[in-house]
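What shape does this take:
(one chain, ligands or ions: 1)
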Amino acid sequence: MIIIREAERSRRFLGEKATGTSFGFVPTMGALHAGHLALLQRSKRETDKTICSIFVNPTQFNDPADFSKYPITLEDDIRMLEMAGVDILFLPDVHEMYPEGTASLETYDLGRMDRLLEGRQRPGHFQGVCQVVHRLLSFTTPDVLFMGRKDFQQCMVVRRLIHLKSIPVRLEICYTVREADGLAMSSRNMRLSPEDRSTAPILYDVLNRLKRGLDAGPLESLLRAGREALAAAGFRVDYLEICRTTDLEPVTEWDGHTPITALAAAFLGEVRLIDNIDLTA
Ligand code: AMP
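This is a model prediction of the structure:
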């Protein structure tokens, strides 16, 4: 595996790519787990060469404590990437990514995405996501970008970024990889206390309960029961909503056929977990 730390070198290296060689790209913030691995394996299957990046992007953290506590496990990550057969690791530092600093970066017209769900709870988060993904795509120029459905709204934001900036890349959204008890794998899970770790799968249980209880008509009582179940288990609920799958607009009354998704964010202690489930798949 080639490790590239400089943006310029990545440009030069990838510029030399043989015509006809397809590149897949999996951007990550490290602390890699089986969820990341699934994206890398899919890229390996579907493209000729796979690039992974590890960069903990400061501009997407609205909470400085979350940024400073983000787990760093670089040696293990490199070992895992080598075992997975990744061809190139792009490993820039903050100066490499933002040589002019982060004070006056480009902002993106994300429409309602910036105000719904994660956009509402984490002001500036998706601007930060676009700032970093836009740069990473311009450095790595992949043919296919692989992202996880666990961060469903992020996938929709990146789709919009690709459209806004006419970036020639295809976005592939990959299913959520879960622990045996249903908890969506996340780098943040390792920060859960043992007690909170045993409570955490209830988030996915509650999403499944919404799916089982779903009927055409008003959704408020179903959602209320879900929020109450989370609070009773010890979660501090940021949101639990049912939204149109296509644009994440909240749905309060379901017509029985529009594709809808339930999305949740909730804290256990100081760890914020997110998850979602397609209610109509
Ligand atoms: P992160 O390192 O958390 O920024 O995630 C990097 C990529 O991996 C993003 O596209 C995430 O959506 C994806 N990802 C994270 N966790 C999972 C998971 N449990 N299953 C599938 N994809 C995931």
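
Tell me where the longest helix sits in the protein.
Looking across the chain with DSSP state H, the single longest helix is helix 125-140.

so how far is that helix from its chain's centroid?
In terms of Cα atoms, centre = their mean, to the nearest Å, the gap separating the centre of helix 125-140 from the centre of its chain is 13 Å.

Can you mark which positions in it are buried?
125-137, 139-140 (16 or more other Cβ atoms under 10 Å). Every C-beta, even on glycine, is put in place using the N, C-alpha and C of the backbone.

do the same with stretch 31-49
Under 16+ other Cβ under 10 Å, the buried positions of stretch 31-49 are 31-33, 35-44, 47, 49.

try stretch 155-165
Here stretch 155-165 shows Cys155, Met156, Val157, Val158, Arg160, Leu161, Ile162 as buried, counting by 16+ other Cβ under 10 Å.

Nearest to the ligand among these?
Comparing those against the ligand with Cβ to the nearest ligand atom places Cys155 closest, at 7.2 Å.

Tell me who's in contact with the closest one.
By Cβ atoms under 8 Å, 6 or more residues apart in numbering, Cys155 lies in contact with Met147, Gly148, Arg149, Leu171, Ile173.

give the contact list for the nearest residue to the second one once chain neighbours are set aside.
If I follow you right, that is Gly148. Nearest residue to Gly148, sequence neighbours excluded (Cβ to Cβ, 6 or more residues apart in numbering): Cys174, at 5.5 Å. Shown in contact with Cys174 (Cβ under 8 Å, 6+ apart): Ala38, Leu39, Arg42, Phe146, Met147, Gly148, Arg149.

distance of Cys174 from Lys150?
Using Cβ to Cβ, to the nearest Å, one obtains 9 Å as the distance from Cys174 to Lys150.

Provide the backbone phi and psi angles at Ile4.
phi -120, psi 130 (degrees, to the nearest 10).

ok, and of the buried residues of stretch 31-49, which contact the ligand?
Among the buried residues of stretch 31-49, the residues that sit close to the ligand (Cβ under 6 Å from any ligand atom) are Gly35, His36, Ala38, Leu39.

Could you list the contact residues of the stretch 101-250 of the chain toward the ligand?
Met147, Gly148, Lys150, Asp151, Cys174, Thr176, Val177, Ala184, Met185, Ser186, Ser187.

was I right about the second one contacting Leu37?
The reference is to Gly148. No: counting by Cβ atoms under 8 Å, Gly148 stays clear of Leu37, with 11.1 Å between them.

Low-confidence stretches in the protein?
Scanning the chain with the threshold set as pLDDT under 70 gives 15-18.
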